[in-house]
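Student: can you look at this prediction? I've put the sequence above it.
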Amino acid sequence: MLRKEIGCPVLEADAPEEALESLDGQDISLLITDLYAPKDLGIDLVKAVLRKNPEVVSVVMVPAGSREAVVKSLQAGALFYLNKPTDLDEAIIVTARSLEHHDLLIHKEKRGPKIRKTEGFHGIIGQSPKMQKLFGIIERVAEDGESTVLIQGESGTGKEMVAKAVHAFSPRAGKNFVPLNCAAIPDDLLESELFGYVKGAFTGANQSKQGRIQYAEGGTLFLDEIGDMKPALQAKLLRVLQEKEFEPVGGLKPIRADVRIVAATHRNLEDSVKKGLFREDLYYRLSVVPLQIPPLRERKEDIALLIEKFMQVYNRGRKHGLAGFAGDALAALQQYAWPGNVRELENLVQRLAILHADGLVTAADLPEKYRGEYEGPAAEPAPAPVLSASSLPPQTSVAPPVASPPQTAPPLPDEELAALEQQADFNTLVSDFEDRLILQALTRTGGNKKEAAELLNLKRTTLLEKIKKKQLDSLLARVARKKE
Ligand SMILES: Nc1ncnc2c1ncn2[C@@H]1O[C@H](COP(=O)(O)OP(=O)(O)OP(=O)(O)O)[C@@H](O)[C@H]1O
């Protein structure tokens, strides 16, 4: 079937040993094995193949509905799985996707070592059992493409990344993933942003405008910070979930909506329900599949790998990148509580890459708050580095020393940058701030763009470009209505 449908050469093996042998001297891209091949030998085979050739992508066939089998397979290193009995269309899709993934790996391996481990699960890094478990659940959840998903987790734990992974692994992957942050848009504008509006719905609505639900048709709508949505809008959203239809602002004709809704919040929605701030019926509708992302302090074994990933990112393009983190630095970071989670860690590595480029980071180089809990031997020479930009041994905290000697960095300006670390990343903050400035100016000038540009000390064309680029036009129509 694969030969015919995908046109790729296929080797068959009756036993694991035979499969392993076929790796010798052959350019194999993909392994497809039964989990029980026979007994649990499929798992051993996946591991052995990975050891022999880490570029081979493994797909394991598991009994339909067995979560345990899926988790076992993923833990062994399989990237995809197929349910048994196997649907042929599904097998073709999974095989094609695995081959694409393999090509991607090969391409990236050429660009740098160790990239594979730091590629993570659709970019989400995590080797801890908690994250591995989460990845397994995401795959299962993504599969049906219909059920509503509620992602809960502290700020900076990667909720948006998880939402994207749910979309990417779902049958809806070919259509749009449309994010909307319910906390970032003023309440009275959120409705038209979400549902769109019809021509003449309010002054300034010179033409109809689609809302995000319609942009997401066939795909996934990601409602971030759903806990901040006001009750009136919650009722309208509930209708989309229950009846799969809605009316745009000012419209009477219902529009059908085929979207999967993935919602996220850092709030405890059950508490919000108890306090009467969030509709109970909507809460139950949303939380058909709840996904809880563990905070970083509960999966400290991921810290080293995340650091390696962020070093790759922030060393890129620099002549002198960070050489690595010394054992005492890593020990200190593992004792820290990470209130800002992965985002905070990412910001720290970025900051060190800028301020401490070209050196090995020791505990003494860390901003004070990260050293707070660490009581290591301050006066002793720095221990051997546990992380280097180019190598990180799997699941271990000891690595070969890197050549560059430890360096001392100038003290870091803690106060100035610390506030930023627990917040969103720099670009998001700046972009949100810009949006607000523009909207404020336009509100003050009643929607007059020329006057707003003057108020902001911008050229009119620059303002118009920004409005277009940031897709603020639908919000502007509401500004006009407010003036009215
Ligand atoms: N497991 C992870 N692997 C790699 N990067 C991660 C991971 N988790 C979070 N990040 C990074 O941390 C930052 C925050 O991620 P994201 O926006 O998905 O978090 P969030 O939980 O949605 O945050 P918030 O609640 O504040 O919106 C992003 O830059 C993302 O790339």
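Tutor: Done, it's in.
Student: show me which residues of this protein are close to the ligand?
Tutor: Residues of the chain lying near the ligand by Cβ under 6 Å from any ligand atom: 120, 124-126, 153, 155-161, 224, 266, 306, 342-343, 346, 424-425. In short, each C-beta sits where N, CA and C put it, glycine included.
Student: in strands, which of the residues you listed fall?
Tutor: Using DSSP state E, the subset of the residues of the chain next to the ligand located in strands is Asp224.
Student: now restrict the residues of the chain next to the ligand to buried residues only.
Tutor: 120, 124-126, 153, 155-161, 224, 266, 306, 342-343, 346, 424 (16 or more other Cβ atoms under 10 Å).
Student: inside helices: which ones of these?
Tutor: Among those, the members falling in helices are Lys159, Glu160, Met161, Leu306, Val342, Arg343, Glu346 (criterion: DSSP state H).
Student: wait, Leu360 sits on Leu330?
Tutor: No - taking Cβ atoms under 8 Å as the contact criterion, Leu360 and Leu330 are not neighbours in contact, 11.3 Å apart.
Student: can you tell me the element Tyr314 falls in?
Tutor: When secondary structure is defined by DSSP states H and E, Tyr314 falls within helix 303-315.
Student: mind listing what's buried along that helix?
Tutor: So, applying 16+ other Cβ under 10 Å, buried residues of helix 303-315: Ile303, Ala304, Leu305, Leu306, Ile307, Glu308, Lys309, Phe310, Met311, Gln312, Tyr314, Asn315.
Student: phi and psi next, for the spatially closest residue to the fourth one that is not a sequence neighbour.
Tutor: Yep, that's Leu306 we're talking about. Ranked by Cβ to Cβ, 6 or more residues apart in numbering and with sequence neighbours excluded, the top spatial neighbour of Leu306 is Ile125, at 5.2 Å. Listed backbone geometry of Ile125 is phi -90, psi 140, with angles given as degrees, to the nearest 10.
Student: Pro179 too?
Tutor: In terms of degrees, to the nearest 10, the main-chain angles of Pro179 are phi -90, psi 150.
Student: who's the closest spatial neighbour of it, skipping the chain neighbours?
Tutor: Pro179 sits nearest to Phe222 (Cβ to Cβ, 6+ apart), 4.3 Å away.
Student: can I get the helix or strand containing that neighbour in PDB, CA atoms only?
Tutor: Phe222 is located in strand 220-224, with elements delineated by DSSP H and E. These are the backbone C-alpha positions of strand 220-224, laid out as PDB (Å, rounded to 0.1, in the frame of the first residue of the first chain):
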ATOM      1  CA  THR A 220      -8.900  26.300  15.200                       C
ATOM      2  CA  LEU A 221      -9.800  29.400  17.200                       C
ATOM      3  CA  PHE A 222      -7.500  29.900  20.100                       C
ATOM      4  CA  LEU A 223      -9.100  32.100  22.800                       C
ATOM      5  CA  ASP A 224      -6.300  33.100  25.200                       C
END
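Student: how close does Gly250 get to Gln234?
Tutor: Going from Gly250 to Gln234 by Cβ to Cβ, to the nearest Å gives 20 Å.
Student: tell me who's in contact with the residue nearest to Leu306.
Tutor: Thr118, Asp302, Leu305, Leu306, Lys309 (Cβ atoms under 8 Å, 6 or more residues apart in numbering).
Student: could you dump those to TSV with distance to Glu55 and pLDDT?
Tutor: What follows is these, written out as TSV (distance: Cβ to Cβ, whole Å; pLDDT from 0 to 100):
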residue	distance to Glu55	pLDDT
Thr118	15	57
Asp302	24	92
Leu305	20	90
Leu306	23	93
Lys309	19	89
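Student: how about those residues, which pair is most distant?
Tutor: Taking Cβ to Cβ as the measure, the contacts of Ile125 span a maximum distance of 11.4 Å, between Thr118 and Asp302.
Student: how would you label Leu291: helix, strand or coil?
Tutor: When the structure is split into helix, strand and coil by DSSP: H, G, I helix; E, B strand; the rest coil, Leu291 lands in strand.
Student: so which strand or helix has Ile151?
Tutor: Counting by DSSP H and E, the element that carries Ile151 is strand 149-152.
Student: extract the C-alpha trace of that strand and format it as CSV.
Tutor: Written as CSV, here are the backbone C-alpha positions of strand 149-152 (Å, rounded to 0.1, in the frame of the first residue of the first chain):
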residue,chain,number,x,y,z
VAL,A,149,-9.9,22.0,24.8
LEU,A,150,-9.2,24.0,27.9
ILE,A,151,-5.5,24.7,28.6
GLN,A,152,-4.7,25.7,32.1
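Student: packing partners of it?
Tutor: Applying 3 or more Cβ pairs under 8 Å, 6 or more residues apart in numbering; DSSP states H and E, we find strand 149-152 packed against helix 159-168, strand 260-265, strand 289-292.
Student: which residue does the stretch 301-450 of the chain have closest to the ligand?
Tutor: Val342 (3.4 Å; Cβ to the nearest ligand atom).
Student: oh sorry, the question was meant for the stretch 1-150 of the chain
Tutor: Counting by Cβ to the nearest ligand atom, the stretch 1-150 of the chain gets nearest the ligand through Ile125, at 3.6 Å.
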